[in-house]
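Student: the sequence and its predicted three-dimensional model are supplied below.
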Number of protein chains: 6
Amino acid sequence: MRILVLNPNTTASMTTKIAAAARRAASPGTDIIATNPAHGPASIEGYYDEAISLAGMLGVIRDTPDVDAIVIACFDDTGLDAARCLTDKPVIGIGEAAYHFASLISNKFSVVTTLARSVPALEHNLHRYGLWTRCARVRSSEVAVLELEHSGSDACNRISAEIGRAVAEDRSEAIVLGCAGMTDLAQSLATEHGLPVLDGVSCAVALAESMVRLGLKTSRLGGYAPPQLQKMAVEA
Amino acid sequence: MRILVLNPNTTASMTTKIAAAARRAASPGTDIIATNPAHGPASIEGYYDEAISLAGMLGVIRDTPDVDAIVIACFDDTGLDAARCLTDKPVIGIGEAAYHFASLISNKFSVVTTLARSVPALEHNLHRYGLWTRCARVRSSEVAVLELEHSGSDACNRISAEIGRAVAEDRSEAIVLGCAGMTDLAQSLATEHGLPVLDGVSCAVALAESMVRLGLKTSRLGGYAPPQLQKMAVEA
Amino acid sequence: MRILVLNPNTTASMTTKIAAAARRAASPGTDIIATNPAHGPASIEGYYDEAISLAGMLGVIRDTPDVDAIVIACFDDTGLDAARCLTDKPVIGIGEAAYHFASLISNKFSVVTTLARSVPALEHNLHRYGLWTRCARVRSSEVAVLELEHSGSDACNRISAEIGRAVAEDRSEAIVLGCAGMTDLAQSLATEHGLPVLDGVSCAVALAESMVRLGLKTSRLGGYAPPQLQKMAVEA
Amino acid sequence: MRILVLNPNTTASMTTKIAAAARRAASPGTDIIATNPAHGPASIEGYYDEAISLAGMLGVIRDTPDVDAIVIACFDDTGLDAARCLTDKPVIGIGEAAYHFASLISNKFSVVTTLARSVPALEHNLHRYGLWTRCARVRSSEVAVLELEHSGSDACNRISAEIGRAVAEDRSEAIVLGCAGMTDLAQSLATEHGLPVLDGVSCAVALAESMVRLGLKTSRLGGYAPPQLQKMAVEA
Amino acid sequence: MRILVLNPNTTASMTTKIAAAARRAASPGTDIIATNPAHGPASIEGYYDEAISLAGMLGVIRDTPDVDAIVIACFDDTGLDAARCLTDKPVIGIGEAAYHFASLISNKFSVVTTLARSVPALEHNLHRYGLWTRCARVRSSEVAVLELEHSGSDACNRISAEIGRAVAEDRSEAIVLGCAGMTDLAQSLATEHGLPVLDGVSCAVALAESMVRLGLKTSRLGGYAPPQLQKMAVEA
Amino acid sequence: MRILVLNPNTTASMTTKIAAAARRAASPGTDIIATNPAHGPASIEGYYDEAISLAGMLGVIRDTPDVDAIVIACFDDTGLDAARCLTDKPVIGIGEAAYHFASLISNKFSVVTTLARSVPALEHNLHRYGLWTRCARVRSSEVAVLELEHSGSDACNRISAEIGRAVAEDRSEAIVLGCAGMTDLAQSLATEHGLPVLDGVSCAVALAESMVRLGLKTSRLGGYAPPQLQKMAVEA
């Protein structure tokens, strides 16, 4: 089985970290093809970055036909609906993957993400996935995405402090880490705080493998009907 | 990996059919331990049957400690919350499993279940899982659970007719079959109607395997805290 | 008129206290038959206790046919839906009774219950009753149910402190006491805090009397259709 | 106990019918004071009629201080919130009373009211009471309020036909009659259709009696705080 | 174009202030006819004041036929639905106008209003307009309406402090001032806090002008159908 | 005042039609700059088309700095959130504009759009705007966007037929036309069906003018904070 793990931003060190997390989560026999677009934003923090990354990431999907499933490795699930129109292979966002698993092991969870500017897009996703009622609060740690790439930053401490506030104030039973760049922090934070801390990358790889094994395909009726590509004047 | 697949009713032929579906869905190396309680209702159709089956099914869970995950193989996810208090191993209901996967491959899905009396309990579950907004309608085919065990019944035709109405009237993009006893019908109905038709048994086995591989455990904070068993006068 | 007031746990002192509250609330001419199952949990604190008490409490209902209405005297409304399938006589949970009355005398109310582990089940009930939007917050006082049976505990002080926080933080206009064991505290707490404090036992007895006088019966269409008892192999 | 049953419109024959229903529902020893304002609309069908009836009906409440509870006998619960500011005695609308009881005996109910123009105000009320999720649909029978006062009209047949559609199309388990003028039809329609049919007048009288017996008062904190009457220039 | 700007309370100084704000917002060529009823409450603070002001304010609308649109200049949108039945000309409440514009320039906004007693009516409006999900919180500054008419009060400081709390605690991106009497404070508070602060009077005038230019009329189907005025016995 | 009216697809005839509608709606003195990207899809029908048009449309916005407000003239409000990050000038989508005005003149409206594949994206928008509760149903006429550009098609008849079904089945009080290409049909359809029929282009131009006159700017706090453009590797 081959799974495309697509980091929609252009920061290669982040792709490397994501790839490592994906491979740890994958079953034996699953190949992880981790990549990122050549062009686009270095990080995705809010609506504009998300929009401007779409052409690049959809191009990677079109150029990588020989996979069984696709994981979109940005926590705002960049381009998820568009990607599902492009192929009937399973397409999973790391945000939605973490939310679904969190709702299977807790009555209520909180999300701890990066900057305040990213919060509305995540709230918006939770509403449309239907899992909003399971999320106590989306919290920002005010750690920028690229800070997570710098060893020596106190990013982990600030994220841990925000988890502490989530447990105390939100009565949350689990924590979802709201950025692909936090994937290596989940285990130690879970141990520190004594509750499940979910990382979307591993959750999404596991869901993708399951869907391939079950033979589940995206529906072609309605909203995910294949686009009529011939009508494109010139694709961006 | 050992997964307990627990049919909460006492109809052995149904347990056999569920076991076969679970084994088809399982990865190599996964053992499926399929069983049902010795005592309790022959089928679970509505709130009362569900309540009266709980003592038996929770007893099976307590008596089968040596497993890695538990699948509750009744579509109303009988006793799911109680089972999650009893162990921190993953516990997955086949209803919720199908709803979660359906929401990953469609914008909106319909459920086709057995009798009208079962509909409110399923609607109630969808509300609390948060996935109610993704479900267009819970429909009853007026096929009783035990009719599904009789070859020669026209149960499949009536279920197929109800799927036809779901596609025409609900604008649903996928169908969830709302009974463990329908597990063998999913593939042919998907082919017939040209859209994804999900069976909860296979969905739940796949989720359980994923959760075991990811090391996900049910949270012990809040609603799933372990019960204080010593306070029981005499357990039922 | 005869009303069965059923404490689903096995703590006789609590049944006695509930019976007294029920009799204070009842009209002249109403007989209160207060009882509890012989077997089951000593208190109901969370999903597991609730599940394990069902066989006992439904057995009491089956064994007490000669009543006009049934009050389920546990604040999580244990087995309410199942009991409504078993008889068309009015069945009222003390939780729902208090929520309905609170929504008739306030724009928004808070619930003050016992332990944090009980909160999700109450939130879940409020969602399904539809009255979630009227409830500002379900708060735990961290007073265990059986502490309420011990004179000399500071349980009442802790409950009062939590009510103070509800008024200050939730802008609630009324308080619902979230445990049958708190029934004797309502009046003094109302006086102390200057707002309505509702006790579910008296609310449920009053609703049950009303429904009997009005001749209201539980619908037999749909989710409360009578179970097909003959299909039970052996009832637990 | 004295209960003011206030018909907010000026049609005396309707007040007489409402009074009879209220007295049938009342316990021995309860006095029903049924009245209507001297001025205002002959029937209340929609937002404008409701607004224009408020000064009259609030005047009646101010002029009738010597009662224990107040029932507002118009199905759109005319002036309910304003009346609750004016006194801490229980004030119950017949619409809300019927919705609360219907949600205690069914999973889902439909409302059958008079004209289409009245539907949005009722939907609006259901939303704010929180019971919207329990109502399958508010249906209009296109019977005008005053037609119900004319013997010989086929109003009852048209209402019955609409109930038939509610059962067939909405999967409703109970019916709420959406007009005070339908109070005398409930019993025969229930028998005809084989499901509970609720009349708001009797439901509200029963709730009012219960609240007086329980000593429940409207909260004075927040939205129902007493108005500062001295600031009125000239009251209408 | 002539716009009736109707202050539903009887405080002439407030009408003068509202008129000035309306004229500042109006386009050249738009005549603002600002008025208030002769009789009724001096301020509208909660449900009762609102109810008792309706007869007067609807009378003004009936007596001022020669206008193109109507602005109801009280933040609880007093009598909005009733006024829409009375004419198909655009009728806009200043509360709804501010909410609609706030939702076009922010992901989430908070409302800062006068007294706690007014909060539930505003929450209720937000629910029915559908914009509840866009509002983080309705906050009271505990500044009474008529305090805003007294120079020398510290009303503005208290409102500013409440805005500070909204930004810090609610993560709101914009503030809606919840009283017509605050119309002159918006600009300085926006500058002070560095985020949009919306005043309903100017928002409503702008919407009314737009609707007149676009030729938009209130629908006459359903809930806003014209009332049957002949059935009024005597209008209050 | 200069308003950029941006058709996100590349069909020039549609831009011309949109420009004409915008100019009819604009006040004297408002300049309409109507344009479309040079590259991208010829029509936007569903999630993929929307995604692939974003780079082009955001480029047009960056390249047209000298305007006072921006109207996005595609009914799915393509790139609305991203555009609001790019500038604090008012940005209005034609979908949201029509929904906001429809909710000011009706209790409930229906949308009649083009193809079924476009429906989920519109439902999704309605949810996040908060106006979902005001929309009875999003209906597809199965008229493709580019059919609307061909004189001689029976597109208008099919749209009219769908409006007829909306009135009969949804009890809608107004209709929103769900495609920029339908802008010239609104008036005749309103006359034919006797209810308001709203066109998003004119609604959005009117809102944009209002916001410029009121000086309303998009908030820079939270989700619409300006993007950090320097971090882009190479913008698409």
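Tutor: All right, it came through fine.
Student: excluding chain neighbours, what is closest to the residue in chain A that chain D sits nearest to?
Tutor: Closest residue of chain A to chain D, Cβ to the nearest Cβ: A:T133 (12.5 Å). The C-beta positions use only the backbone N, C-alpha and C, and glycine is treated the same way. Of all residues not flanking A:T133 in the chain, B:G130 sits nearest, at 4.4 Å (Cβ to Cβ, 6 or more residues apart in numbering or on different chains).
Student: residues near the one you found, how many?
Tutor: By other Cβ atoms under 10 Å in any protein chain shown, the residues close to B:G130 number 21.
Student: give the contact list for it.
Tutor: A:103, A:130-134 (Cβ atoms under 8 Å, 6 or more residues apart in numbering or on different chains).
Student: which single one of these is nearest to chain E?
Tutor: A:W132 (9.3 Å).
Student: so who does that closest one touch?
Tutor: Counted by Cβ under 8 Å, 6+ apart, A:W132 has contacts A:123, A:126, B:130.
Student: for those residues, which one is nearest B:S43?
Tutor: The shortest approach to B:S43 among the contacts of A:W132 belongs to B:G130, at 27.9 Å (Cβ to Cβ).
Student: now the closest one: how far from F:R134?
Tutor: 23 Å (Cβ to Cβ, to the nearest Å).
Student: now swap in A:L86 and tell me
Tutor: Counting by Cβ to Cβ, the gap from A:L86 to F:R134 is 33 Å.
Student: ok, and the closest non-adjacent residue to A:S140?
Tutor: Closest to A:S140 by Cβ to Cβ, 6+ apart is A:A116, at 4.4 Å.
Student: pull the most distant pair out of the contacts of B:G130.
Tutor: It's A:S103 and A:W132 that sit farthest apart of the contacts of B:G130, by Cβ to Cβ, at 10.8 Å.
Student: if we can go back for a sec, looking at the contacts of B:G130, which is nearest chain C?
Tutor: The nearest member of these to chain C, counting by Cβ to the nearest Cβ, is A:T133 at 7.8 Å.
Student: what about the closest one, neighbour count?
Tutor: That count, for A:T133 with other Cβ under 10 Å as the rule, works out to 20.
Student: likewise for A:V212?
Tutor: Neighbours of A:V212 using other Cβ under 10 Å come to 20.
Student: A:L54 too?
Tutor: Applying other Cβ under 10 Å, I find that A:L54 has 27 neighbouring residues.
Student: next one: the one 10 residues further on
Tutor: Neighbour count of A:T64, defined by other Cβ under 10 Å: 14.
Student: quick one, phi/psi of it?
Tutor: Note on A:T64: its backbone torsions stand at phi -130, psi 60 [degrees, to the nearest 10].
Student: surely it touches A:I33?
Tutor: Yes - the pair A:T64 / A:I33 is scored as a contact, 6.8 Å apart, by Cβ atoms under 8 Å.
Student: who are the neighbours in contact with A:I159?
Tutor: A:112, A:141, A:143, A:177, A:182, A:185, A:189.
Student: next: A:G194.
Tutor: B:L221.
Student: state the distance from it to B:A69.
Tutor: 22 Å.
Student: wait, what's in contact with A:T218?
Tutor: Counted by Cβ under 8 Å, 6+ apart, A:T218 has contacts A:84, A:87-91, A:224, B:105-106, B:196.
Student: closest to C:A22 out of those residues?
Tutor: For the contacts of A:T218, the nearest to C:A22 is B:S106 (49.9 Å; Cβ to Cβ).
Student: isn't that closest one right up against B:A174?
Tutor: Yes - contact status for B:S106 versus B:A174: in contact at 3.8 Å, counting by Cβ under 8 Å.
Student: what ranges do the strands span in chain A?
Tutor: A:2-6, A:31-35, A:40-41, A:69-72, A:91-93, A:109-113, A:135-140, A:174-178, A:197-199, A:232-234 (DSSP state E).
Student: rank those by pLDDT, which is bottom?
Tutor: Mean pLDDT is lowest for strand A:232-234 out of those, coming in at a mean of 51.
Student: what stretches of chain A score poorly on pLDDT?
Tutor: Applying pLDDT under 70 to chain A picks out residues A:229-236.
Student: quick one, what contacts the residue positioned nearest the centre of it?
Tutor: By Cα atoms, centre = their mean, chain A has its centre lying nearest to A:I94, at 2.5 Å. The contact partners of A:I94, by Cβ under 8 Å, 6+ apart, come to A:71-75, A:77, A:180, A:200-201, A:203-204.
Student: quick check: the farthest pair among those residues?
Tutor: For the contacts of A:I94, and using Cβ to Cβ, no pair is farther apart than A:C74 and A:C203, which are 13.8 Å apart.
Student: give me the nearest residue to the one residue in chain A that gets nearest to chain E, chain neighbours excluded.
Tutor: Using Cβ to the nearest Cβ, the single residue of chain A nearest to chain E is A:P120, 4.0 Å away. Leaving out its chain neighbours, the residue that sits closest to A:P120 by Cβ to Cβ, 6+ apart is F:G223, at 3.3 Å.
Student: again, but for A:A225
Tutor: A:A225 sits nearest to F:R117 (Cβ to Cβ, 6+ apart), 4.3 Å away.
Student: how much space separates the one you found from B:G178?
Tutor: In terms of Cβ to Cβ, F:R117 sits 27 Å off from B:G178.
Student: what is the end-to-end distance of stretch A:177-192?
Tutor: Start and end residues of stretch A:177-192 are separated by 14 Å (Cα to Cα, to the nearest Å).
Student: may I see the buried residues of that stretch?
Tutor: Counting neighbours by 16 or more other Cβ atoms under 10 Å in any protein chain shown, one finds that the buried residues in stretch A:177-192 are A:177-186, A:189-190.
Student: got it, and stretch A:193-205?
Tutor: For stretch A:193-205, by 16+ other Cβ under 10 Å, it's A:193, A:195-205.
Student: and which of the residues you listed is nearest to B:S27?
Tutor: Looking across those and measuring by Cβ to Cβ, the closest to B:S27 is A:V205, at 14.4 Å.
Student: so that closest one sits against A:I32, correct?
Tutor: Yes - in this structure, A:V205 is within contact of A:I32 by Cβ under 8 Å, at 7.3 Å.
Student: got any residues that touch both of the two?
Tutor: Contact with both A:V205 and A:I32 is made by residues A:3, A:5, A:22, A:26, according to Cβ under 8 Å, 6+ apart.
Student: give the contact list for the last one.
Tutor: Just to be clear, that refers to A:A26. Going by Cβ under 8 Å, 6+ apart, A:A26 touches A:3, A:32, A:205, A:209.
Student: and it, how far is that from A:E209?
Tutor: A:A26 sits at a distance of 7 Å from A:E209 (criterion: Cβ to Cβ).
Student: please apply the same query to A:H150.
Tutor: With the distance defined as Cβ to Cβ, A:H150 ends up 32 Å from A:E209.
Student: neighbour count for those two, which is higher?
Tutor: Neighbours per residue (other Cβ under 10 Å) separate A:H150 from A:E209, with A:E209 holding more: 26 against 10.
Student: report the residue ranges of every domain in chain A.
Tutor: Here the domain parsing of chain A from automatic domain parsing is A:2-94+A:202-231, A:95-199.
Student: relative to D:K217, which of these is closest?
Tutor: Nearest to D:K217, of the domains of chain A and by Cβ to Cβ, is domain A:95-199 at 31.5 Å.
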